[in-house]
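>>> I would like the atomic coordinates for the input below:
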Amino acid sequence: MVQLIRALANLVTLIVIVDVLASWVLPNPYHPFRLAVHRLVEPMLAPIRRLLPPVGMIDFSPMVLILLIQVIEVVLVNLLPR
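A predicted model of the protein is given here:
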């Protein structure tokens, strides 16, 4: 079970990173790959963006999401019986 939790946390983190990199590399927001990745990540980022507005041109919400994923992973792993 621990391996599954860690694998899912790593997968979601990777998808968030790919979304950020795609926004830099693919300037067209309607590129099919970018749209697909964005549709996966945006539901998780939207609540964070409501609480944490962008600072200038920098959006810190992906970094906050990655930190939250790590915290949730640690909490879930520690709650499992050993």
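>>> can you pull out the helices in this structure?
2-25, 32-51, 61-79 (DSSP state H).
>>> can I get those in a markdown table including mean neighbour count and mean pLDDT?
For every residue, glycine as well, the C-beta is placed using N, CA and C. Shown next, in a markdown table, are these (neighbours: other Cβ atoms under 10 Å; pLDDT from 0 to 100):
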| stretch | mean neighbour count | mean pLDDT |
| --- | --- | --- |
| helix 2-25 | 14 | 96 |
| helix 32-51 | 13 | 96 |
| helix 61-79 | 14 | 97 |
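>>> tell me the contacts of the residue nearest the centre of the chain?
Residue closest to the average C-alpha location in the chain (Cα atoms, centre = their mean): Val16, at 3.6 Å. Taking Cβ atoms under 8 Å, 6 or more residues apart in numbering, we find Val16 in contact with Val41, Met44, Leu45, Pro62, Leu65, Ile66, Ile69.
>>> over to Ala22?
His31, Phe33, Arg34, Val37, His38.
>>> based on its surroundings, how many neighbours for the first one?
It stands for His31. Neighbourhood size, His31 [other Cβ atoms under 10 Å]: 14.
>>> relative to Ala22, how far out is it?
Going from His31 to Ala22 by Cβ to Cβ, to the nearest Å gives 8 Å.
>>> and if you look at the third one?
According to Cβ to Cβ, Arg34 and Ala22 sit 5 Å apart.
>>> go on, the second one?
As judged by Cβ to Cβ, Phe33 and Ala22 stand 7 Å apart.
>>> also the fourth one?
Relative to Ala22, Val37 is positioned 6 Å away (criterion: Cβ to Cβ).
>>> rewinding a little: nearest to Val55, of the contacts of Val16?
The shortest approach to Val55 among the contacts of Val16 belongs to Pro62, at 13.2 Å (Cβ to Cβ).
>>> now do the contacts for the closest one.
Pro62 makes contacts with Val16, Ile17, Asp19, Val20, Val41, Leu45, as judged by Cβ under 8 Å, 6+ apart.
>>> if we use 6 Å, what do you get?
Applying Cβ atoms under 6 Å, 6 or more residues apart in numbering, we find Pro62 in contact with Val16, Val20.
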